[in-house]
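Visitor: Just need the structure, nothing else, for what follows:
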Amino acid sequence: MATLYNEAYLTETLGELQDLCQAWGLSPRTEVALLNMSENATFRADDPDAADPVILRVHRPYYHSLQEIESELAWIEALRAEGVVETPQPLKVKGGGHIANFTHRGETRHVVGFAFMEGREPDLSADLVDGFVELGAISARLHQHVERWPRPAAFQRKVWTFATTLGPSPHWGPWRAALGLTGDGRALLERTCALLDRQLAAYGTGRDRFGLIHADLRLANLLVHGDRIGVIDFDDCGFGWFGYDFAAAVSFYETDPIIPDLQAAWLRGYRSVAPMPAEDEAMLPTFVLLRRILLTAWIASHAETPTAADAGGAAFTDGTLALADRYLADHG
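Guide: Numbering: from 1, shown residues only. The predicted structure is shown next:
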């Protein structure tokens, strides 16, 4: 689906959403505009008769099943009900439920509406250390919640292990298709992935370190408003290592010299809420590299999205190779 988000698709989707707005009680005068495209396409619906906009997320086909989407929303509802994190409310459609649908070129598209939340994405050029202290605390609260939350019987989300990230069944496509990857680079990543596979297998998936996680706590999915950090976009939430949530937080700038300071800040915030044993802390660089290689695969399989284009294509792959080379020198 690497060419899904072309101009024709977006124009047709806007038309479909314009007709679908009534499902959330919006008036015919509602104007719908594209906000961003990444895994999914997200739109803002402004109704002059409503107090606030509605955010509409059109799911990319073939990624999540209807049951997986419903499970994501069930977790969000539980987090909101218990005050664990500030995150936008999923909005119900007329007739009940949270998911609307339209048919596009013979295929069903799932659409979810969310209440509007004020805020802006954190600026990488600003001082992020204090924010990462709070983000660490948020991560710990999320992890504590999943340990006590009785999930619905039909709950289903993807599992993020080595096999489903860099192994034989990758959710985001094979890393070997990375843009600009040469034979030497492929050999380097082969060695790196073999090491990561061994390390993660030895670390294991015990309940104290592996469970339901947000899995995409990058800056683009945080909304800062005053002293509040809101968390959005649980679309990638699934079962993975708790430490992976730090790795996701430094997505796309893993090679920046500020990373050690941000890790220390995140750990400080995390430990203000819950324990983080030294063995788990020692795995954080492993998760950072795992995530970086995974993003390198994602960029290749989603090359038409602005997120992938902004990452730099082959230059991002080069950064991944440099990070892998340093990791092998330290851990190989």
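
Visitor: CA atoms only for stretch 187-207 - export them in CSV, please.
Guide: As requested, the backbone C-alpha atoms of stretch 187-207 are provided in CSV (Å, rounded to 0.1, in the frame of the first residue of the first chain):
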residue,chain,number,x,y,z
ALA,A,187,25.5,-7.1,6.2
LEU,A,188,26.0,-4.7,9.2
LEU,A,189,22.2,-4.8,10.0
GLU,A,190,22.2,-8.6,9.6
ARG,A,191,24.8,-8.8,12.3
THR,A,192,23.0,-6.2,14.4
CYS,A,193,19.6,-7.9,14.2
ALA,A,194,21.1,-11.3,15.1
LEU,A,195,22.5,-9.7,18.2
LEU,A,196,19.3,-8.0,19.1
ASP,A,197,17.4,-11.3,18.6
ARG,A,198,19.7,-13.0,21.1
GLN,A,199,19.6,-10.2,23.6
LEU,A,200,15.8,-9.9,23.5
ALA,A,201,15.3,-13.7,23.8
ALA,A,202,17.6,-13.7,26.9
TYR,A,203,15.7,-10.7,28.4
GLY,A,204,12.4,-12.5,27.9
THR,A,205,8.8,-11.4,28.1
GLY,A,206,7.9,-11.8,31.8
ARG,A,207,4.9,-9.9,33.1
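
Visitor: my guess is residue 114 meets residue 91, correct?
Guide: Yes. Distance between residue 114 and residue 91: 6.3 Å, which falls inside the contact criterion (C-beta atoms under 8 Å). For every residue, glycine as well, the C-beta is placed using N, CA and C.

Visitor: which of these two has more neighbours?
Guide: Neighbour count, other C-beta atoms under 10 Å: between residue 114 and residue 91, residue 114 has more, with 22 against 17.

Visitor: quick one, strands of this structure?
Guide: Along the chain, counting by DSSP state E, strands occupy 31-37, 41-46, 54-58, 90-91, 99-104, 107-115, 210-213, 222-225, 228-231, 238-241.

Visitor: what's the shortest one packed up against?
Guide: Read that as strand 90-91. If you count contacts as 3 or more C-beta pairs under 8 Å, 6 or more residues apart in numbering; DSSP states H and E, strand 90-91 packs onto helix 66-81, strand 107-115.

Visitor: Need the overlap of contacts for residue 114 and residue 91.
Guide: Overlap of the contact sets of residue 114 and residue 91 (by C-beta atoms under 8 Å, 6 or more residues apart in numbering) consists of residue 54.

Visitor: Low-confidence bits of the protein, can you list those?
Guide: When the per-residue scores of the chain are filtered using pLDDT under 70, the ranges that remain are 1-3.

Visitor: Report the central residue of it.
Guide: Within the chain, one residue has its C-alpha closest to the average C-alpha position: by C-alpha atoms, centre = their mean, that is residue 216, at 2.7 Å.

Visitor: so what's that residue up against?
Guide: 233-237, 248, 251 are the contacts of residue 216 under C-beta under 8 Å, 6+ apart.

Visitor: Adding distance to residue 309, write the helices and strands packed on strand 90-91 out as CSV.
Guide: As requested, the helices and strands packed on strand 90-91 are arranged in CSV below (distance: least, C-beta to C-beta, whole Å):
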stretch, distance to residue 309
helix 66-81, 26
strand 107-115, 23
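
Visitor: Relative to residue 32, which of those is closest?
Guide: For residue 32, the closest of the helices and strands packed on strand 90-91 is strand 107-115, at 11.1 Å, according to C-beta to C-beta.

Visitor: looking just at contacts, which helices and strands does the closest one meet?
Guide: On a contact count with 3+ C-beta pairs under 8 Å, 6+ apart, strand 107-115 meets helix 7-20, strand 54-58, helix 66-81, strand 90-91, strand 99-104.

Visitor: which of the contacts of residue 216 are buried?
Guide: Buried by 16 or more other C-beta atoms under 10 Å: 233-237, 248, 251, out of the contacts of residue 216.

Visitor: Can you tell me how far residue 127 is from residue 247?
Guide: When distance is defined by C-beta to C-beta, to the nearest Å, residue 127 is 21 Å away from residue 247.

Visitor: My error: substitute residue 133 in the last question.
Guide: Between residue 133 and residue 247 the computed distance is 17 Å (C-beta to C-beta).

Visitor: and what of residue 238?
Guide: For residue 238, the distance to residue 247 equals 14 Å [C-beta to C-beta].

Visitor: what about those two, which has more around it?
Guide: It is residue 247, of residue 238 and residue 247, that has more neighbours when counted by other C-beta under 10 Å, with 27 against 23.

Visitor: Which residues lie in contact with the more buried one in this structure?
Guide: Counting by C-beta under 8 Å, 6+ apart, residue 247 makes contact with 254, 284, 287-288, 290-292.

Visitor: how far away is it from residue 62?
Guide: When C-beta to C-beta is applied, the distance between residue 247 and residue 62 equals 25 Å.

Visitor: Next: residue 162.
Guide: Shown here: residue 162 relative to residue 62, a distance of 22 Å by C-beta to C-beta.

Visitor: which one of those two has more residues nearby?
Guide: With neighbours defined as other C-beta under 10 Å, residue 162 and residue 62 compare such that residue 162 has more, 18 against 9.
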